[in-house]
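*Asks:* need coordinates for the following:
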Amino acid sequence: MRTRSKFFSVIIALLPVIAVAGNPVRIMEGLSIYSRILGQEVKYSVILPDEYFSSNKSFPVVYLLHGLGDNESSWLEYGRLSQFIDEERRTGQIIPAIYIMPQGFRSYYVNDYLGKFRYEDMFIKEFIPYIDSAYRTIPDGRHRAITGYSMGGFGALVLPLKHPDVFSVSVPLSISVRTDSQYMTESPQEEWDRQWGRLFGGEGKSGKERITEYYKQNSPFYLIKNNRKIHGLKIYIDNGDDEQTLAKSNEELHMLMMDNAIRHEFRVRNGGHEFSYWREALPNALRFISDAFENKPYRGDQKLSPHTLLNETAINKEQLIRMHGCFVALPPEYNETTRLYPVLYFVGPFDTVQMKKISALIHEQTIIPDTPPCILIFADEKQDDLLSVTVTEMEKNFRIRPGKRFRALLAYSNGSRVLLQNMQLPESFTAFVLSDARFTSSENGSEQVLAGKQDLSFAWYYFDAPSNGSNYRFFGNLHIQFREKEIYHEYRVREGNGGFEWFFEGLPNYIKYVTTKIHR
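*Replies:* The predicted structure is shown next:
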C-alpha cells in the first residue's frame, strides 16, 4: 500500500506491530516523510529485526543508498537484502539492526551547488532525526553505518567523510566517482552537465574550469586529503575488475588512502556494475558493519576456496624430480599413458614442502575432476633464461605438448621479475598469473611493464594483490593501464598481507583461470 500523507506515514512508522495475517510487519516499503527542506515527500523502505517486536531494546541503524535511476525499493527487490540479512542472522554472523533505504532521487546524496535541491541537508537534519524518533534506534554515530552502490557508493563515502560524527562505518560499493583528470575530460558535454555540472557547477565548461570550489568540497579525493577527522572512520570499499571509468577512480582512491595512512579495507572481485556483483558483496559488508557496531576488529572475509585443506599424507606422497635447477611434479597417471601434457611453470621462493603442497592440491583437483592433468615445473626466481633454456630442456625430457598455448607461468613474490621479463616475449606463455608481487624500489614501476613496443594482448593475464601489501601502487597502476589499453585481464584485491598461505588460498582460482585459457 502506497502512503503519501505525512500523518499516515508517521502512524505506520510509530506502529511497527501492524499485522498481516496475524503477524507483525517488519519489512515495509512505500513509507514516506515530508521534507520541509526539499518541499516534497521522501520515500523509504525499512527492515526491522525480529527482536524488535519481542523486546523494548534499541538497535543500531544501517542506511542503504541506491544508485542513479533506482529507488528506495531496489535494495529489497534486486539486492535481495532481506534474504541476506535473514541468512546472516540465522547463522549468528551479524547482530540485529534496523535497515533503512531512503529515496535518493538523482542527488548523489549531496546538496546541489545552487541550493535548489539540498538533499544532504534533508538527510542529515531531517531524515536521520526522524528515523531516530520513529524507531527504537541507538541514536549516535557509533551505531550508524551507511552503505550503497554506484551513486549510492558516492553518498556512502562522502556523507561520512563530511559528517564523521553522524556515521562511524562506511561501506561504499562500486563508487561512482571521478578523478580530476576524468572529471575534466568526460564527455559528451550534455551528459556531464546532467550528471555532474548540475551538482557541482561548471555547466557548459570543460577542462580545469570544471574544478569548482564546490566540487572540491564534495569530492572524496579532496575530503580525504584535507580532513584529519576521518581516521576513526571504519571503511570497506569493494569494486569490480570489469568496471569501466570506475576501475581507475576507485583504485586511485585506494592508493590515496594508503598513501595517507587511512586505515580501510579494499577489495577487487570479479564482476562489473550490476546487482549480481553487489549481492555478492553483501555478506562481507554486513559482517564488517556488525563487527564495527560491536567495536570488534573485522573478522575477515568469507573464505570461498574449499579445496585448500589437504592432509599431510597427500602432501608427503608427492614426488618431486630435480632437473636442470628445477623441480618437476608429474601427474599421477603419467606412467600409465603415452599422452602429452600442458605445463604450468611456477616461479617464486618455494621450499620443498610448499612445492609438494601445491602439487598435491592440483593433483587432487584432477581427480575431482576440476582441473586437467598438467606437468608442474618449479623454477628458480633468479632465472633469466626460463624460455630459452628451461622450457627447451623440459620439452626434451618430458612428454610436453609443444607451443606457447600449452604452457602458463605463475609467479609469486620475488618471482615477479621473471614473469615481467617473459611478458615481453610473444612466444613465451599463453597465460600469466602475477600474485603478491615483490620488487626492489628500482624495479617497482608498472610503467616498465608497458614500456616496450610489444603488444601484450598475445596472452591472458591474472593479477592478484593482497589488500595490505606494500606494492598496492604497482598493482593499482598496472590494472589502470591495462584497462586504458584495453588489454584483457582479471584483477583481484584479496584480504591479507600476502605470503605463501595467502598465495595458496588463491591457487584454485589461478589454476582454473590458466587451464581454461589453455583449453580455450
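*Asks:* which ones are touching V62?
*Replies:* By CB atoms under 8 Å, 6 or more residues apart in numbering, the contact set of V62 is A97, I98, Y99, I100, R144, A145, I146, T147, I289. Bear in mind the C-beta positions are built from the backbone N, C-alpha and C, glycine included.
*Asks:* which ones among the residues you listed are found in helices?
*Replies:* Among these, the members found in helices (DSSP state H) are I289.
*Asks:* separate out the buried members of the contacts of V62.
*Replies:* Among these, those classed as buried by 16 or more other CB atoms under 10 Å are A97, I98, Y99, I100, R144, A145, I146, T147, I289.
*Asks:* which among those residues gets closest to V353?
*Replies:* V353 lies nearest to I289 out of the buried ones among the contacts of V62, by CB to CB, at 38.9 Å.
*Asks:* domain ranges for this protein?
*Replies:* The chain breaks down into these domains under automatic domain parsing: 6-177+219-293, 180-218, 306-518.
*Asks:* phi first, then psi, for I47.
*Replies:* I47 adopts backbone torsions of phi -120, psi 120, taken as degrees, to the nearest 10.
*Asks:* show the pLDDT at it.
*Replies:* Per-residue pLDDT puts I47 at 97.
*Asks:* so what sits opposite the closest residue to it other than its chain neighbours in the bridge?
*Replies:* Nearest residue to I47, sequence neighbours excluded (CB to CB, 6 or more residues apart in numbering): Y99, at 4.1 Å. Under the criterion DSSP bridges, Y99 forms beta bridges with I47, V62.
*Asks:* for Y99, list the residues it contacts.
*Replies:* Residues in contact with Y99 (CB under 8 Å, 6+ apart) are V46, I47, V61, V62, L64, L81, I85.
*Asks:* columns distance to E280 on top of these, output as a markdown table?
*Replies:* Listed next are the contacts of Y99 as a markdown table, based on distance: CB to CB, whole Å:
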| residue | distance to E280 |
| --- | --- |
| V46 | 24 |
| I47 | 19 |
| V61 | 24 |
| V62 | 18 |
| L64 | 16 |
| L81 | 13 |
| I85 | 15 |
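*Asks:* so which two of the residues you listed are the farthest from each other?
*Replies:* Of all pairs drawn from these, the greatest distance, 14.2 Å, lies between V61 and L81 (CB to CB).
*Asks:* the stretch 201-350 of the chain: helices as residue ranges?
*Replies:* Ranges of helices within the stretch 201-350 of the chain are 213-218, 220-226, 245-259, 275-293, 312-316, based on DSSP state H, counting those that start in this stretch.
*Asks:* nearest to P164 among these would be which one?
*Replies:* Short answer: helix 220-226, nearest of the helices of the stretch 201-350 of the chain by CB to CB, at 10.2 Å.
*Asks:* mind listing residues that contact that closest one?
*Replies:* Residues from elsewhere that reach helix 220-226, judged by CB under 8 Å, 6+ apart: 154, 157-158, 161-162, 175, 177, 179-180, 216, 230, 252-253, 256-257, 260, 262.
*Asks:* hang on, the earlier thing: closest to H519 out of the buried ones among the contacts of V62?
*Replies:* Distances from H519 to the buried ones among the contacts of V62, taken as CB to CB, are shortest for T147 (39.2 Å).
*Asks:* could you find the closest non-adjacent residue to that closest one?
*Replies:* In space, and not counting its chain neighbours, T147 is closest to V171: 3.8 Å by CB to CB, 6+ apart.
*Asks:* from the buried ones among the contacts of V62, pick the one nearest L478.
*Replies:* Distances from L478 to the buried ones among the contacts of V62, taken by CB to CB, are shortest for T147, at 28.3 Å.
*Asks:* quick one: that closest one and L344, what's the gap?
*Replies:* Remark: distance between T147 and L344 (CB to CB, to the nearest Å) = 39 Å.
*Asks:* just to revisit the earlier point, can I get the helices of the stretch 201-350 of the chain in JSON lines with mean pLDDT and distance to L507?
*Replies:* JSON lines is the format used below for those (pLDDT from 0 to 100; distance: least, CB to CB, whole Å):
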{"stretch": "helix 213-218", "mean pLDDT": "97", "distance to L507": "43"}
{"stretch": "helix 220-226", "mean pLDDT": "92", "distance to L507": "35"}
{"stretch": "helix 245-259", "mean pLDDT": "96", "distance to L507": "24"}
{"stretch": "helix 275-293", "mean pLDDT": "97", "distance to L507": "21"}
{"stretch": "helix 312-316", "mean pLDDT": "84", "distance to L507": "14"}
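*Asks:* next, format those as a markdown table and append distance to W75.
*Replies:* Below are these laid out as a markdown table (distance: least, CB to CB, whole Å):
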| stretch | distance to W75 |
| --- | --- |
| helix 213-218 | 24 |
| helix 220-226 | 22 |
| helix 245-259 | 20 |
| helix 275-293 | 9 |
| helix 312-316 | 44 |
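*Asks:* relative to A465, which of these is closest?
*Replies:* helix 245-259 (10.2 Å).
*Asks:* would you mark the buried spots in the closest one?
*Replies:* In helix 245-259, counting by 16+ other CB under 10 Å, buried: L246, A247, K248, S249, N250, E251, E252, L253, H254, M255, M257, M258.
*Asks:* next: stretch 207-224.
*Replies:* The neighbour-count check on stretch 207-224 (16+ other CB under 10 Å) flags 210-212, 214-215, 217-224 as buried.
*Asks:* can you add distance to R405 and give those back as CSV?
*Replies:* Shown next, in CSV, are the buried residues of stretch 207-224 (distance: CB to CB, whole Å):
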residue, distance to R405
R210, 47
I211, 49
T212, 53
Y214, 55
Y215, 49
Q217, 54
N218, 50
S219, 46
P220, 44
F221, 43
Y222, 49
L223, 49
I224, 45
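*Asks:* and which of the residues you listed is nearest P188?
*Replies:* P188 lies nearest to R210 out of the buried residues of stretch 207-224, by CB to CB, at 13.8 Å.
*Asks:* can you tell me which residues contact G415?
*Replies:* By CB under 8 Å, 6+ apart, the neighbours of G415 are F346, V347, G348, P349, A379, E381.
*Asks:* reformat those residues as TSV; add pLDDT.
*Replies:* As requested, those are arranged in TSV below (pLDDT from 0 to 100):
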residue	pLDDT
F346	97
V347	96
G348	95
P349	95
A379	93
E381	81
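*Asks:* among the residues you listed, which are located in strands?
*Replies:* F346, V347, A379 (DSSP state E).
*Asks:* return the member of those nearest to K512.
*Replies:* The nearest member of the ones in strands among the contacts of G415 to K512, counting by CB to CB, is F346 at 15.7 Å.
*Asks:* hmm, A379 and that closest one touching each other?
*Replies:* Yes. Assessed by CB atoms under 8 Å, F346 is found in contact with A379 at 7.0 Å.
*Asks:* and the two? which has more neighbours close in?
*Replies:* Between F346 and A379, counting by other CB atoms under 10 Å, F346 is the more crowded of the two (27 against 23).
*Asks:* bridging residues for that one?
*Replies:* On the basis of DSSP bridges, F346 is bridged to F378, L410.
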